[in-house]
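S.K.: Next comes the sequence, and after it the predicted model I'd like to discuss.
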Amino acid sequence: MNLFKLHGKHIGIDLGTSTILMVLKDKGIVKSEPSIVAIESSSKDILAIGREAKEMLGKTPEKISSLMPMLKGGISNLSATEMIIRRLIKELQEKEDIGNPKVLINVHIGMNDVEKRAIIKLLQDMGVKDISFIEETLAAAIGADLDVDSHEATMMLNIGGGTSEVAVIAFGKVTACNYIRIAGDDLDNDIIDYIKKKMLIVIGKNTAETLKINLASISPVVNKNYEVTGRDLKTGLPKTVTVNAFQVNEAIRNSLEKIIDMVRETLDRTPPELLNNIQNNGLVISGGGACIEDIDKLISNRLKINVKIADKPLECTALGIKKVLNDDSRLRELMNKRRI
């Protein structure tokens, strides 16, 4: 069934591993929801999406499943992807007069043509006629107000939920890029594994994410602690422990070093003519990983280049999509070049 009226507006979708953001051309970001769907296993009925579904993680009986549409920069569950996009666009259609929209959606470096075709078919089945793609890192760079059209190269690192992606951008194009399937979700798992090994306590993913948000720092300080409750491996009973910033730093450090190695490898493959530009212009970080305290200092120290955090790191990609939606020439170029 076609969900839309005729004469639609442009909308953008930031299809992230952890969060999906919806963008309207004239209004900017109008919806942001965690990329999670909770369904009843036997009937496949949707019980919750977004924040409500995330709150159900680890708290529901076996007959209720929590599905993540995106994983490691690709589509992990096509039916879950369809469920959440269909629901979010329908909600947007009910609140905004979007008609039969033209959609601009980001793609991750690790997303293959089969997954792109699946997204196209999914949207076309919903009545969307015009679909365009933009690279994740290019959208993030535009959202971070970098001069991507300059002949001087800039470098963008997006540490998302499922992947960390880096790109060298010049003349409005990605000239070199790389990615690693290590990002925010892996940091959560690092914390879970660390506490299980060191404290003999099992905690859930939401608890680990809370620890990351509150304690993750490259320069941890004394007396920065957080209490969490998990299951004692010895007794099977609930147990509350105090975790400090130094422990979280130790837990996530190895994964962060792998992300830095990925950036270093990209610099090694970057044309020499562009390296001087990057030395002058530096590296900008977006995504949830940019919120780790002093991560810019760590990367700068390792790579010997200037590093800064984008002003709104969690929204960079969506803000870039908004700017493209309002740039007719750039949007037209993206629409013309899609050949999937």
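M.R.: Cool, the structure landed. Residues are numbered from 1 along each chain as shown.

S.K.: And for Asp26, the neighbour number?
M.R.: 10 (other CB atoms under 10 Å). Every C-beta, even on glycine, is put in place using the N, C-alpha and C of the backbone.

S.K.: distance of it from Glu96?
M.R.: 10 Å (CB to CB, to the nearest Å).

S.K.: Give me the common contacts of these two.
M.R.: Lys9 (CB atoms under 8 Å, 6 or more residues apart in numbering).

S.K.: Okay, and Phe246 sits in which element?
M.R.: helix 245-268 (DSSP states H and E).

S.K.: which residues touch that helix?
M.R.: Residues contacting helix 245-268 (CB under 8 Å, 6+ apart): 157, 159, 164, 166, 168, 176-180, 182-183, 186-187, 190-191, 193-195, 198, 211-212, 215-218, 220-221, 224-225, 275, 278, 283, 289, 292, 295, 298-299, 302-303.

S.K.: Stretch 139-149 too?
M.R.: 14, 106, 138, 154, 156, 158, 167, 169-172, 284, 286-287, 310-312, 315-324.

S.K.: List the ones among those that fall in helices.
M.R.: The helices in this structure, assigned by DSSP state H, contain 138, 316-324 from those.

S.K.: Turn those residues into JSON lines, including neighbour count and pLDDT.
M.R.: Formatted as JSON lines, the entries for the ones in helices among the contacts of stretch 139-149 read as follows, by neighbours: other CB atoms under 10 Å; pLDDT from 0 to 100:
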{"residue": "Leu138", "neighbour count": "24", "pLDDT": "93"}
{"residue": "Cys316", "neighbour count": "29", "pLDDT": "94"}
{"residue": "Thr317", "neighbour count": "32", "pLDDT": "93"}
{"residue": "Ala318", "neighbour count": "28", "pLDDT": "93"}
{"residue": "Leu319", "neighbour count": "26", "pLDDT": "93"}
{"residue": "Gly320", "neighbour count": "30", "pLDDT": "94"}
{"residue": "Ile321", "neighbour count": "29", "pLDDT": "93"}
{"residue": "Lys322", "neighbour count": "26", "pLDDT": "92"}
{"residue": "Lys323", "neighbour count": "18", "pLDDT": "92"}
{"residue": "Val324", "neighbour count": "24", "pLDDT": "91"}
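
S.K.: then whichever strand or helix holds Ala140 to PDB, C-alphas only?
M.R.: Element membership for Ala140, per DSSP H and E: helix 136-143. This file holds the C-alpha atoms of helix 136-143, laid out as PDB (Å, rounded to 0.1, in the frame of the first residue of the first chain):
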ATOM      1  CA  GLU A 136      28.400   8.400   5.600                       C
ATOM      2  CA  THR A 137      31.700  10.200   6.100                       C
ATOM      3  CA  LEU A 138      30.900  12.800   3.400                       C
ATOM      4  CA  ALA A 139      27.500  13.600   5.000                       C
ATOM      5  CA  ALA A 140      29.200  13.800   8.400                       C
ATOM      6  CA  ALA A 141      31.900  16.200   7.000                       C
ATOM      7  CA  ILE A 142      29.200  18.400   5.500                       C
ATOM      8  CA  GLY A 143      27.300  18.400   8.800                       C
END
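
S.K.: Run the chain-centre distance for that helix.
M.R.: Chain-centre distance of helix 136-143: 12 Å, with CA atoms, centre = their mean, to the nearest Å.

S.K.: which of the residues in it are buried?
M.R.: Using 16 or more other CB atoms under 10 Å as the test for burial, helix 136-143 gives 136-143.

S.K.: As TSV, these with distance to Lys31 would be great.
M.R.: Compiled in TSV, these are given as follows (distance: CB to CB, whole Å):
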residue	distance to Lys31
Glu136	19
Thr137	23
Leu138	22
Ala139	17
Ala140	19
Ala141	23
Ile142	20
Gly143	17
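
S.K.: residue boundaries of the helices in the protein?
M.R.: Assigned by DSSP H, the helices in the chain fall at 51-55, 78-95, 113-125, 136-143, 184-199, 205-215, 245-268, 272-281, 295-303, 316-325, 328-337.

S.K.: what's the most buried one of those helices?
M.R.: helix 136-143 (a mean of 28; mean count of other CB atoms under 10 Å).

S.K.: can you pull the contacts of the residue of the chain most remote from its centre?
M.R.: Here the chain reaches farthest from its C-alpha mean at Thr235, the gap being 37.4 Å by CA atoms, centre = their mean. Listed by CB under 8 Å, 6+ apart, the contact set of Thr235 is empty.
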